[in-house]
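1. Let's see this in three dimensions:
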Amino acid sequence: MSLIETKEIWKSYEMGSTVVHALRGISLSIEKGDYVAIMGPSGSGKSTLMNLIGCLDTPSQGEYLFKGKLVSQMEDDELAGIRNREIGFVFQTFNLMPRASALHNVELPLIYNGTPKQARQEKAVKALTIVDLADRMTHRPNELSGGQRQRVAIARALVNEPSLILADEPTGNLDSKTGLEIMQLFSRLHKEGNTIIIVTHEREVATYADRVLHIRDGMIDKDEKITTAEKVANGTTL
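-> Next up, the predicted model:
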């Protein structure tokens, strides 16, 4: 059973008298332990696809199965549970609470799902340790660099030990050196068994993945395996 399976999914929007098709019949499978990049120019549909995979939106047509269950048949509380426990989100803009410490930011998903305080703090400390930020857990976001803030966001995504880490342009607000460090962190997390999907428009970022889905005009233009030789050539191996 695939972790993620989509069957001929469409996403359409009505804009006045016009219907815009953001996705046009996308079928794909992603297995547990995969590392996939979704690439495409602005307006290609890659963000729409990410929102559907993350259960933030639903398709207009077609089927989306998460762990073999049809997402369209799930109740709102079941969908909320998947978003909280099964999927760890990492955003380009970090989405951290500015007045909360790194530790409290990482704890947030656990607060929402009712994890007791001691267990919550232990898990948050563990997640911050994984991303090499144990010595910054009392700092607020404005006391951290951009790279450190993104590490806090990654720790928050990891804290529930999710089935999937979904990252939207995770290096978009970072300089090239810091972006490299973040991508090396994702590579390490993948080697440790995490399933990762990254949405990006940068080829250099995509080559950290093992597979790249090229989206154009709402369709999969190419489904490409990244070879070890290309990873070595681009310096994207650990």
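2. quick one: pLDDT of residue 237?
-> pLDDT recorded at residue 237 is 78.
3. Okay, strands next: where are they in the protein?
-> For the chain, the strands defined by DSSP state E occupy 4-15, 18-30, 35-39, 61-66, 69-70, 87-90, 164-168, 196-200, 211-216, 219-225.
4. elements contacting the fourth one?
-> Contacts defined by 3 or more Cβ pairs under 8 Å, 6 or more residues apart in numbering; DSSP states H and E place strand 61-66 against strand 4-15, strand 18-30. For the C-beta atoms, the positions are set from N, CA and C on the backbone; glycine is no exception.
5. Same check on the longest one?
-> Counting contacts by 3+ Cβ pairs under 8 Å, 6+ apart, the secondary-structure elements packed against strand 18-30 are strand 4-15, helix 46-53, strand 61-66, strand 219-225.
6. Tell me which of the ones you listed sits nearest to residue 98.
-> Residue 98 lies closest, by Cβ to Cβ, to one member of the helices and strands packed on strand 18-30: helix 46-53, at 24.7 Å.
7. Skipping its backbone neighbours, what lies nearest residue 179 in space?
-> Nearest residue to residue 179 in three dimensions, chain neighbours excluded: residue 171, at 3.4 Å (Cβ to Cβ, 6 or more residues apart in numbering).
8. tell me the contacts of that neighbour?
-> 178, 179, 182, 183, 200, 202, 205 (Cβ atoms under 8 Å, 6 or more residues apart in numbering).
9. change it to 10 Å
-> 92, 146-147, 150, 178-183, 186, 198, 200, 202, 204-205, 208 (Cβ atoms under 10 Å, 6 or more residues apart in numbering).
10. and if you look at residue 144?
-> 94, 96, 102, 133, 136, 150, 151, 152.
11. Just give me the residue right at the centre of this protein.
-> By Cα atoms, centre = their mean, the chain has its centre lying nearest to residue 166, at 1.1 Å.
12. Please report the distance of the residue lying closest to residue 51 once chain neighbours are set aside from residue 145.
-> Nearest residue to residue 51, sequence neighbours excluded (Cβ to Cβ, 6+ apart): residue 57, at 4.2 Å. Going from residue 57 to residue 145 by Cβ to Cβ, to the nearest Å gives 32 Å.
13. the more surrounded of these two?
-> residue 57 (15 against 12; other Cβ atoms under 10 Å).
14. need the contact list for the more buried one.
-> Per Cβ under 10 Å, 6+ apart, neighbours of residue 57: 11, 22, 48, 49, 50, 51, 64.
15. Just the endpoints, please. Distance across stretch 134-141?
-> Taking Cα to Cα, to the nearest Å, the first and last residues of stretch 134-141 lie 14 Å apart.
16. name the helices or strands packed onto the helix ranked longest in the chain?
-> Longest helix of the chain, by residue count under DSSP state H: helix 176-191. When contacts are defined as 3 or more Cβ pairs under 10 Å, 6 or more residues apart in numbering; DSSP states H and E, helix 176-191 sits against strand 35-39, strand 87-90, helix 117-130, helix 146-158, strand 164-168, strand 196-200, helix 203-206.
17. Please state the offset of that helix from the chain centre?
-> The chain centroid and the centroid of helix 176-191 are separated by 14 Å, computed with Cα atoms, centre = their mean, to the nearest Å.
18. Could you do stretch 151-159 as well?
-> On Cα atoms, centre = their mean, the centre of stretch 151-159 falls 11 Å from that of its chain.
19. model confidence over that stretch, on average?
-> On average, the pLDDT along stretch 151-159 is 96.
20. same thing with stretch 117-126?
-> 96.
21. Tell me the confidence at residue 202?
-> pLDDT, read off for residue 202, is 89.
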